[in-house]
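Participant: Return a 3D structure for these sequence lines:
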Amino acid sequence: MADPLLQDIVALEKELEARRQEVAAEVDRWLADVRQELAAAARDLEARLQEEAQQAEERAAAEARAEAMKRREQAEGFARRLVGLEDDWLNQLLRVHLALILPGEAHDHRDVQG
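Facilitator: The predicted structure is shown next:
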């Protein structure tokens, strides 16, 4: 009676080992698939981030060019206005500012001794 029972136990152990190996192989295949999916997702994410960074860089460059052009136009307008000022008016303005800066009788501001 012990031999058939022992044979059944050994057969059951072999079945269990075979099933364990099948499950282990399935898990290994599943893990390999998950690794591939994760690697593909990481590549896609990296590509998307690089594209977004490139677009952000291009937008920043365009904004910088626009701002530089705006400032240049402002400076050119200011320069044109300065060129158009009359010498007599500039000389009078210069005398006023020099009187404020230099000590002497020409300065009539009450905070300055002279």
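Participant: what's the spacing between R35 and D28?
Facilitator: Per Cβ to Cβ, to the nearest Å, R35 is found 10 Å from D28. (Each C-beta comes from the backbone N, C-alpha and C, glycine too.)
Participant: where are the low-confidence patches of the protein?
Facilitator: Residues of the chain meeting the criterion pLDDT under 70: 1, 105-114.
Participant: other SSEs contacting the helix or strand hosting Q55?
Facilitator: Under the criterion of DSSP states H and E, Q55 resides in helix 2-83. Here helix 2-83 touches no other helix or strand, going by 3 or more Cβ pairs under 8 Å, 6 or more residues apart in numbering; DSSP states H and E.
Participant: relative orientation of the next helix or strand after it and helix 2-83 in degrees?
Facilitator: Counting by DSSP H and E, the next helix or strand C-terminal to helix 2-83 is helix 87-101. Calculated by axes from the mean of the first three to the mean of the last three Cα atoms, to 10 degrees, helix 87-101 forms an angle of 110 degrees with helix 2-83.
Participant: Pull out the buried positions in helix 87-101.
Facilitator: Across helix 87-101, burial judged by 16 or more other Cβ atoms under 10 Å covers A99.
Participant: Now do that helix: distance to the chain's middle.
Facilitator: Between the centre of helix 87-101 and the centre of its chain there are 50 Å (Cα atoms, centre = their mean, to the nearest Å).
Participant: try stretch 90-103
Facilitator: 50 Å.
Participant: again, but for stretch 58-67
Facilitator: 14 Å.
Participant: how about it as PDB, C-alpha atoms only?
Facilitator: C-alpha atoms of stretch 58-67 as PDB (Å, rounded to 0.1, in the frame of the first residue of the first chain):
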ATOM      1  CA  GLU A  58      12.500  78.100 -30.500                       C
ATOM      2  CA  ARG A  59       9.800  80.100 -28.800                       C
ATOM      3  CA  ALA A  60      12.200  81.700 -26.400                       C
ATOM      4  CA  ALA A  61      14.500  82.600 -29.300                       C
ATOM      5  CA  ALA A  62      11.600  84.100 -31.300                       C
ATOM      6  CA  GLU A  63      10.500  86.100 -28.200                       C
ATOM      7  CA  ALA A  64      14.100  87.300 -27.700                       C
ATOM      8  CA  ARG A  65      14.400  88.400 -31.300                       C
ATOM      9  CA  ALA A  66      11.000  90.200 -31.100                       C
ATOM     10  CA  GLU A  67      12.000  92.000 -27.900                       C
END
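Participant: Having no further points to raise, I will conclude here.
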